[in-house]
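A.B. asks: sequence plus the predicted model coming up.
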Amino acid sequence: MKSTILIVDDERNIREGLAEAFAMEGYEALSASDGQEAIALLEERYIDLVITDLKMPKVSGMELLQHVKRRWENIPVIIITAHGDITEAVAAMQYGALEFVTKPLDLEHLLKLTKNALAIRELSIKNEELREEVLAQQRTSSIIGKSPAMRRIFDLIRKVAPTKASVLITGESGVGKEVIADAIHNLSPRRDKPLVKVHCAALAESLLESELFGHEKGAFTGAQARKRGRFELADTGSLFLDEIGEINQSVQIKILRVLQDRKFERVGGESTLEVDVRFIAATNKDLKEEIAAGRFREDLYYRLNVVNIHVPPLRERREDIPLLAATFLHEFSEENGKPIDGFEPRARQALYAYDWPGNVRELRNCIESSVVMASSRYITVDDLPPGPRSAQEKKEIHLPALCSLEDAEKIIIAETLAMLGGNKTKTAEVLKIGRKTLYQKIDEYGLAPAEKQHAGAEEESAAASALEKA
């Protein structure tokens, strides 16, 4: 892709001559006769480099430089100056100009400066992209998972977060919808503004309207002072409405108005307030069924559901269980001051086999309980709560819908290893593949042992690494 250079000079021969020379070198060259015309072009076009004369009518080169550095900090500026204006050119360097050249121009020298300036700009852009990528990873670090479903969710979050679009997060209780909302806000331009959360199911209908919109003094019995509602508190930030399917229709109408007009009145108030709020909502209900039953407004649904992020239950993305379990094990081992190295094979098998009706929340509670109950450096099946403990005899392997052959193979190998206590010889026999092939697959999928079996184990368990690195 061609780099675009803007040449600004009130002398027609100079700007046109430079534009022709840069075009011959493969650049896209634009020209302007003064700083005012240049600013207009900068607002309209993507510019990679500005080369400007200092002395110009209307808006000078110095004024143009200052404007560029305020508005487009990463665009490099090269100053053209007469010999008598060296002092002013040096001052321009202090304001952020990359370099200056004197008249009469040495074209070869200017082309060299241009090439260097564009290389510096490209490096600056790449560094900024890398910095944003690192920040994005940090801001989504609370979301744990490497399954295809979670990778799609990561991608959706990164796409929708920078926008103002309303987001509806759906999924069963305990899948981590609030964590998704946090990530959307933290990756958005509103990240330094408040993220206000309302758990709609936890509030009585009589209190919800006041909680959302606030109330005036004397609006109802007990309203002894004016109260700002969550919409006001979230102004310029984001508002997360959790379990929005629990809201009654009279409140739904008022929320719809805020979504449409950004306006509302406090309970008992007459003044209309205007807010700038980014909406994120979540529900464990099927809102289309609620609409059909007459319990949820269709117009509100479509206003909220501009972008839908569906978080599948844990039983449909079992390959995330090892990473989640390892993360929670580390967290609760440190919290309780108990150095626990991992899970026994039968315990790992139970974690894989259990359906986790309470999803990530239940898994987290399970690992916390297991750490508390553990009496050795390994979580045993007896340390697990009754539900997961009873699942350890299951022999089924569950594959998520629409997963790739590669992901399916990884899950089958990891779970078979877990079921067979990490015994690679038996695993190879069950899967009807050679031991050499199995070892290659273990290395390829990052299933190499991450913990040692304690005394009496036949060999290191490859499945153990699934709980560390899956």
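C.D. replies: Received, thanks.

A.B. asks: low-confidence ranges in the stretch 101-250 of the chain?
C.D. replies: In the predicted model, the stretch 101-250 of the chain carries pLDDT under 70 at residues 127-142.

A.B. asks: quick check: residue 168 is in a strand.
C.D. replies: Yes: assessed by DSSP: H, G, I helix; E, B strand; the rest coil, residue 168 belongs to a strand.

A.B. asks: phi and psi next, for the closest residue to it other than its chain neighbours.
C.D. replies: The shortest distance from residue 168 to any non-neighbouring residue, by C-beta to C-beta, 6 or more residues apart in numbering, is to residue 305 (4.3 Å). All C-beta spots, glycine's among them, are computed from the backbone N, C-alpha and C. Backbone torsions for residue 305, taken as degrees, to the nearest 10, come to phi -90, psi 40.

A.B. asks: OK, contacts around residue 305?
C.D. replies: 166, 168, 287 (C-beta atoms under 8 Å, 6 or more residues apart in numbering).

A.B. asks: from residue 257, how far out is it?
C.D. replies: From residue 305 across to residue 257, the span is 17 Å (C-beta to C-beta, to the nearest Å).

A.B. asks: check residue 335 too.
C.D. replies: Distance, residue 335 to residue 257, by C-beta to C-beta: 45 Å.

A.B. asks: out of those two, which sits in the more crowded spot?
C.D. replies: Comparing residue 335 with residue 257 by other C-beta atoms under 10 Å, the one with more neighbours is residue 257, at 14 against 10.

A.B. asks: what helix or strand is that one on?
C.D. replies: If you go by DSSP states H and E, residue 257 is part of helix 249-261.

A.B. asks: what ranges does the stretch 51-200 of the chain have for its strands?
C.D. replies: Ranges of strands in the stretch 51-200 of the chain, per DSSP state E, counting those that start in this stretch, are 77-81, 99-102, 167-170, 195-199.

A.B. asks: same check on the stretch 301-450 of the chain?
C.D. replies: 307-310, 342-343, 378-379.

A.B. asks: okay, these in JSON lines with mean pLDDT, mean neighbour count and distance to residue 388 next?
C.D. replies: Converted to JSON lines, the strands of the stretch 301-450 of the chain look like this (pLDDT from 0 to 100; neighbours: other C-beta atoms under 10 Å; distance: least, C-beta to C-beta, whole Å):
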{"stretch": "strand 307-310", "mean pLDDT": "96", "mean neighbour count": "16", "distance to residue 388": "25"}
{"stretch": "strand 342-343", "mean pLDDT": "88", "mean neighbour count": "27", "distance to residue 388": "11"}
{"stretch": "strand 378-379", "mean pLDDT": "92", "mean neighbour count": "24", "distance to residue 388": "10"}
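
A.B. asks: wait, residue 200 sits on residue 247?
C.D. replies: Yes: the criterion here is C-beta atoms under 8 Å, and residue 200 meets it with residue 247 at 5.3 Å.

A.B. asks: the more surrounded of those two?
C.D. replies: Neighbour totals were compared for residue 200 and residue 247, and residue 247 leads with 26 against 21 (other C-beta under 10 Å).

A.B. asks: ok, that one - contacts?
C.D. replies: Each residue near residue 247 by C-beta under 8 Å, 6+ apart is listed here: 200, 208, 241, 255.

A.B. asks: contacts only, for the last one.
C.D. replies: Same thing as residue 255. Residue 255 makes contacts with 212, 241, 247, 300, as judged by C-beta under 8 Å, 6+ apart.

A.B. asks: picking up where we left off before, joint contacts of residue 200 and residue 247?
C.D. replies: Contacts common to residue 200 and residue 247, judged by C-beta under 8 Å, 6+ apart, are 208, 241.

A.B. asks: tell me, how many residues neighbour the closest residue to residue 90 other than its chain neighbours?
C.D. replies: Spatial nearest neighbour of residue 90, chain neighbours left out: residue 100 (7.8 Å); criterion: C-beta to C-beta, 6+ apart. The local packing of residue 100 (other C-beta under 10 Å) involves 20 other residues.

A.B. asks: check residue 100 and give its pLDDT.
C.D. replies: Turning to residue 100, the model gives it a pLDDT of 87.

A.B. asks: hey, what's it bridged with?
C.D. replies: Note on residue 100: beta-bridge partners by DSSP bridges are residue 79.

A.B. asks: so the residue lying closest to residue 412 once chain neighbours are set aside versus residue 316, what's the distance?
C.D. replies: Nearest-residue entry for residue 412: residue 397, 5.8 Å, with adjacent residues in sequence omitted and distances by C-beta to C-beta, 6+ apart. Using C-beta to C-beta, residue 397 is found at 13 Å from residue 316.

A.B. asks: and the gap between the closest residue to residue 332 other than its chain neighbours and residue 354?
C.D. replies: Nearest non-adjacent residue to residue 332, counting by C-beta to C-beta, 6+ apart: residue 371, 4.2 Å away. Using C-beta to C-beta, residue 371 is found at 17 Å from residue 354.

A.B. asks: between the two, tell me which one has more neighbours.
C.D. replies: Between residue 371 and residue 354, counted using other C-beta under 10 Å, residue 354 has the larger neighbour count: 24 against 21.

A.B. asks: got a list of what the residue lying closest to that one once chain neighbours are set aside touches?
C.D. replies: Nearest residue to residue 354 in three dimensions, chain neighbours excluded: residue 391, at 3.9 Å (C-beta to C-beta, 6+ apart). Contacts here follow C-beta under 8 Å, 6+ apart; on that basis residue 391 touches 350, 353, 354, 355.
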